[in-house]
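>>> Turn this into a structure:
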Amino acid sequence: MRTQYLFDRQTVLVLSILAAAAILVPAMNGLVPPGSALHLSDHLVPLLGKYVCLALLALSVDLIWGFCGILSLGHGAFFALGGYAMGMYLMRQIGPRGAYADPILPDFMVFLNWKELPWFWHGFDWFPFAALMVLLVPGALALVFGWFAFRSRVTGVYFSIITQAMTFALMLAFFRNDMGLGGNNGLTDFKEVLGFPVQAGSTRVVLFVLSVLVLAGGYLLCRWVVGSTFGKVLVAVRDAESRTRFLGYRVEHYKLAVFTLSAMLAGVAGALYVPQVGIINPSEFAPANSIEVVIWVAVGGRGTLAGAILGALLVNAGKTWFTAALPEFWLFALGGLFVFVTLFMPRGILGAAGDLWERSSRRLRTRRSPQPFTQAAE
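Residues are numbered from 1 along each chain as shown. So this is what the prediction gives:
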């Protein structure tokens with residue numbers, strides 16, 4: 001891997017912005033007086049942290065869609081599974097402080113008259129085990145699902161449809177109370193994480209900074225992958241899968257590997273998301289959520305990585321404003337944005353900005369270049 005590719009101008013810019021956010025947000029929250037216009041209130045810190053987690057989710061989708069041509073409409077499932085793994089750990093930390101004061105069973109299990117903790121809840125009272133499950137559960141699902149799909153050479157819109165069916169099936173399953181995961185209400189009322197109160201302002205700031213650092217690490221990982229020989233094969237698969245296969249590459253192995261990695265990144269995003277929003281429920285599996293992630297990537301710029309981050313931040317900030325000011329128009333605005341980008345900016349914001357910069361640079365070079373001297377014909 002070439003270091004100069006890993007730390008090119010785009011990467012330096014992205015990392016600089018993330019570093020500035022990791023410094024400025026805690027400073028504006030803790031050091032700036034509450035009466036100041038620059039003060040960042042406690043409720044805005046987890047909101048920004050939520051945006052950062054969703055940016056990591058968008059990054060995971062851009063890795064497979066932008067560089068391998070795999071359009072997944074079910075990545076919300078991996079995000080939700082990572083969130084549930086973290087939620088189970090947080091529920092086990094409540095102990096006797098719950099409404100029913102049961103030291104072992106979560107409140108919803110006591111309410112539903114469960115007598116003992118289900119087997120798959122064991123181990124989640126230990127953070128390293130929960131962190132491992134955040135990676136393994138989404139990764140295992142992606143590995144099994146992808147193995148059957150790619151081995152059968154399911155591609156294009158057919159793959160998109162079955163990923164959407166997967167997340168819809170999981171949503172229906174998690175809505176059931178007998179799943180032992182809170183049913184419709186999900187997991188909530190968290191008290192602490194690693195011994196620190198979840199609702200404390202300092203904890204929220206730490207979670208935000210941690211989310212930014214993980215996003216930076218995820219970006220560098222994706223940048224390393226797409227710049228490696230492995231990444232070059234992924235691009236070849238995206239552009240000409242049959243030719244790549246004829247050259248002797250096991251295309252399904254490459255697709256399976258990057259799909260599994262992408263699912264694990266989505267799971268990490270979900271795990272960081274849950275303690276900052278305070279709840280995880282089956283609605284996170286909704287197919288519409290996964291479709292929305294694709295829109296973020298398309299708006300920012302597919303196949304750029306940085307564009308996925310930009311698109312997620314801009315669209316979710318717009319969603320926050322729209323749902324507060326004009327809630328009934330949000331879905332129309334989102335649909336209109338996607339149509340506009342598809343028709344007028346097919347390469348997204350970063351792609352359009354790059355084209356504009358290239359045209360401006362070319363025009364500037366043309367003006368500065370010396371004009372050839374021509375003699376008039378006698």
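
>>> where exactly do the helices run in the stretch 201-350 of the chain?
201-227, 229-239, 241-246, 251-277, 287-300, 306-325, 330-344, 348-368 (DSSP state H, counting those that start in this stretch).

>>> what's the pLDDT at the residue positioned nearest the centre of the chain?
The residue lying closest to the centre of the chain (C-alpha atoms, centre = their mean) is residue 57, at 0.6 Å. Here the pLDDT value assigned to residue 57 is 97.

>>> hang on, the earlier thing: identify whichever of the helices of the stretch 201-350 of the chain lies nearest to residue 126.
helix 251-277 (14.8 Å; C-beta to C-beta). Backbone N, C-alpha and C define where each C-beta goes, glycine included.

>>> Can you name every helix or strand that that closest one contacts?
Helices and strands touching helix 251-277, as assessed by 3 or more C-beta pairs under 8 Å, 6 or more residues apart in numbering; DSSP states H and E, comprise helix 44-68, helix 75-92, helix 127-151, helix 201-227, helix 229-239, helix 241-246, strand 279-280.

>>> Flag every buried residue along it.
251-252, 254-276 (16 or more other C-beta atoms under 10 Å).

>>> can you give me the offset of it from its chain's centre?
The chain centre lies 8 Å from the centre of helix 251-277; the measure is C-alpha atoms, centre = their mean, to the nearest Å.

>>> go on, stretch 66-85?
The chain centre lies 8 Å from the centre of stretch 66-85; the measure is C-alpha atoms, centre = their mean.

>>> CA atoms of that stretch as PDB?
Written as PDB, here are the backbone C-alpha positions of stretch 66-85 (Å, rounded to 0.1, in the frame of the first residue of the first chain):
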ATOM      1  CA  GLY A  66     -19.000   2.700  -4.600                       C
ATOM      2  CA  PHE A  67     -16.000   0.400  -5.100                       C
ATOM      3  CA  CYS A  68     -17.500  -3.100  -5.700                       C
ATOM      4  CA  GLY A  69     -20.900  -2.300  -7.200                       C
ATOM      5  CA  ILE A  70     -22.800  -4.200  -4.400                       C
ATOM      6  CA  LEU A  71     -25.900  -2.200  -3.700                       C
ATOM      7  CA  SER A  72     -27.200  -3.400  -0.300                       C
ATOM      8  CA  LEU A  73     -30.600  -2.200   0.800                       C
ATOM      9  CA  GLY A  74     -30.300  -4.100   4.100                       C
ATOM     10  CA  HIS A  75     -27.300  -2.600   5.800                       C
ATOM     11  CA  GLY A  76     -29.600  -1.200   8.500                       C
ATOM     12  CA  ALA A  77     -29.800  -4.800   9.700                       C
ATOM     13  CA  PHE A  78     -26.100  -4.900  10.500                       C
ATOM     14  CA  PHE A  79     -26.300  -1.500  12.100                       C
ATOM     15  CA  ALA A  80     -29.200  -2.600  14.300                       C
ATOM     16  CA  LEU A  81     -27.500  -5.900  15.300                       C
ATOM     17  CA  GLY A  82     -24.500  -4.000  16.500                       C
ATOM     18  CA  GLY A  83     -26.800  -1.700  18.400                       C
ATOM     19  CA  TYR A  84     -28.600  -4.600  20.000                       C
ATOM     20  CA  ALA A  85     -25.300  -6.200  21.100                       C
END
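
>>> where's the nearest residue to residue 191 once chain neighbours are set aside relative to residue 12, distance?
Distances taken as C-beta to C-beta, 6 or more residues apart in numbering place residue 94 nearest to residue 191, at 5.0 Å, with adjacent residues excluded. As for residue 94, its distance to residue 12 is 43 Å (criterion: C-beta to C-beta, to the nearest Å).
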